[in-house]
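Okay, here's the prediction I keep looking at, along with the sequence it came from:
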Amino acid sequence: MSTEKLTGRNFWETYWETDTDKKKNKRPSLCVQEILKAFDQHLPAEKGLKVLEIGGAKGEYLLYLVRRFGYEGYSLDYSSAGNEQTLETFSKAGYKVQVYERDLFADNSDLPLFDIVFSLGFIEHFDDPVPVVESHLKLVRPGGILLLGVPNYSGIYHLVLKHLAPSMYTTHNLRIMDLSTWSEFEKKFGLETLYRAYIGGFEPLNMKKLENKSLFNRLVYFKIQVFTVLFSFRFRGLRKFNSAFISSYLIGIYRKK
């Protein structure tokens, strides 16, 4: 089984090498809190479990799990620039991490099996998620846990992004941003669903991207910036409302039978 990557190695090397300082100072989405809440509520609090993050640069979620639960941290990513940032993240925090610089679709039979394998913002970069999920599962021990997370750029976000940043849709698969499509790989691989939901509520930061700099688009972008600030401080209560149309993130946690 094969699948087409919507991004390649050069894309990610450029991504991690460009504007590194800007990324470090970027205000995180409030959706991050909801992702971490899902970790806290649905992952086992068992010290010493081996957890692997796929597409692991720059390691901040992996570091959270190592700190929070006492897991052993492993990262797999084919971007050398991204891996350097993961090593830096762990070094500054005083924790150990094992980084594998390799392609997920290469022969990884020499790697151990892991108790938990997860990726966040990974499977949507492929035209067909089924073989991507299969490659994840090859690294999960029997009875282990697979966790998948995907940002939502469909729904209300698509209405804006198709004008502000149309090239995003050459690197992201919108279909996988519909939770109902996840049943395809859930059934194929006999996964036991532990948790599956739209999370994060409405997140204006999902629309804070600007490529087409027409006067109208710059005006829309400015309004998004203003609304992002207001939403962060005054409208957080809206985050409890979730649906395919407005939620900023999708997450699924499964047990491999």
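All right, it came through fine.

List the buried residues for the helix ranked longest in the chain?
Using DSSP state H, we find that the single longest helix of the chain is helix 215-234. Along helix 215-234, these residues count as buried under the neighbour rule (16 or more other Cβ atoms under 10 Å): Asn217, Val220, Tyr221, Ile224, Thr228, Phe231. Every residue, glycine included, has its C-beta placed from N, CA and C.

okay, now the closest residue in space to the fifth one that isn't next to it in sequence: neighbour count?
If I follow you right, that is Thr228. In this structure, Thr228 finds its nearest non-sequential neighbour in Pro204, 4.4 Å apart by Cβ to Cβ, 6 or more residues apart in numbering. Here the number of neighbours of Pro204 (other Cβ atoms under 10 Å) works out to 23.

wait, isn't Pro204 in contact with Tyr221?
No. Shown here, Pro204 and Tyr221 do not form a contact pair, counting by Cβ atoms under 8 Å, at 10.9 Å.

just checking, what packs against the longest helix of the chain?
In terms of contacts (3 or more Cβ pairs under 8 Å, 6 or more residues apart in numbering; DSSP states H and E), helix 215-234 is packed against helix 156-164.

then the helix it packs on to CSV, C-alphas only?
What follows is helix 156-164, C-alpha atoms only, in CSV (Å, rounded to 0.1, in the frame of the first residue of the first chain):
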residue,chain,number,x,y,z
ILE,A,156,-15.6,28.0,9.2
TYR,A,157,-11.8,28.1,8.8
HIS,A,158,-12.0,27.0,5.2
LEU,A,159,-14.4,29.9,4.4
VAL,A,160,-11.6,32.3,5.3
LEU,A,161,-8.4,30.4,4.5
LYS,A,162,-9.4,29.7,0.9
HIS,A,163,-9.0,33.4,0.3
LEU,A,164,-6.2,34.3,2.7
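
Good, we can wrap up now.
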